[in-house]
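build the 3D model from these lines:
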Amino acid sequence: MNYVEEILDRKTGELVSVDKGDWITIAELARFLGFGRRRATTVLRHLDFLQIEGVGRDSRHRIADWVVQRGWGKRLHRKTDKFPFDVIGPDAVQWIKERWQGAVTAIERETFSGPVAEAKAALDGFQAAYGRKEMTVQMEVSWLADIFPDLTQEQMSSILDVSQQLVSRFLSVRSEQLQRAKALKASFR
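Numbering: from 1, shown residues only. I've put the predicted structure just below:
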């Protein structure tokens, strides 16, 4: 979205429009770079461009404070709903493009080695073999916990390109569901 700022020219008394550049959202940046939103968020977190704010259900990825201080990004709040969003400027997009490939390579090196690579390949194989491409993150977390119980939450989060907090929340939900199922099964004996 092209942002324009109107400034009052004190000499002439007229409003002068100043072009602030083409600002885009994180989702638009992801599409521009040919990645999905979750994968782009992971890369931007690796670059310390995004930070996690809030806790639990209220946690969000927001642009880092240093980005706002440099004037590369803006934190916006909609008037119609409670969901904030961020936009980044042309200078930030250029900075990200220069570092993008290195960050992707570093993440792949960390993520796709040893048991993590095996779990990622198994999940992809399961989704392809059984037509489960549209699994939710909660379903993917449960599947990984069932098939690869030795994976840490951090490893699961790197496989799924989500935050560790989200994995923790879904594992807690799964644990509660299993406890209720065991109690229900025991009550029928």
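
switch to C-alpha atoms for all contacts and neighbour counts from now on
OK.

what segments of this structure are helices?
Remark: helices assigned in the chain by DSSP state H are 26-33, 37-46, 65-70, 90-111, 115-129, 137-147, 153-160, 164-187.

can you add mean pLDDT, distance to T12 and mean neighbour count and give the ones you listed back as TSV?
Shown next, in TSV, are these (pLDDT from 0 to 100; distance: least, C-alpha to C-alpha, whole Å; neighbours: other C-alpha atoms under 10 Å):
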stretch	mean pLDDT	distance to T12	mean neighbour count
helix 26-33	88	39	16
helix 37-46	88	44	19
helix 65-70	92	31	13
helix 90-111	88	31	14
helix 115-129	89	64	15
helix 137-147	92	58	16
helix 153-160	88	57	20
helix 164-187	91	55	14
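
ok, the residue nearest the centre of the chain - contacts?
Closest residue to the average C-alpha location of the chain: T41 at 3.6 Å, with C-alpha atoms, centre = their mean. By C-alpha atoms under 8 Å, 6 or more residues apart in numbering, T41 lies in contact with 26, 50, 61, 161.

if we go to 10 Å?
Applying C-alpha atoms under 10 Å, 6 or more residues apart in numbering to T41 gives the contacts 26-27, 30, 35, 47, 49-51, 61-62, 161-163.
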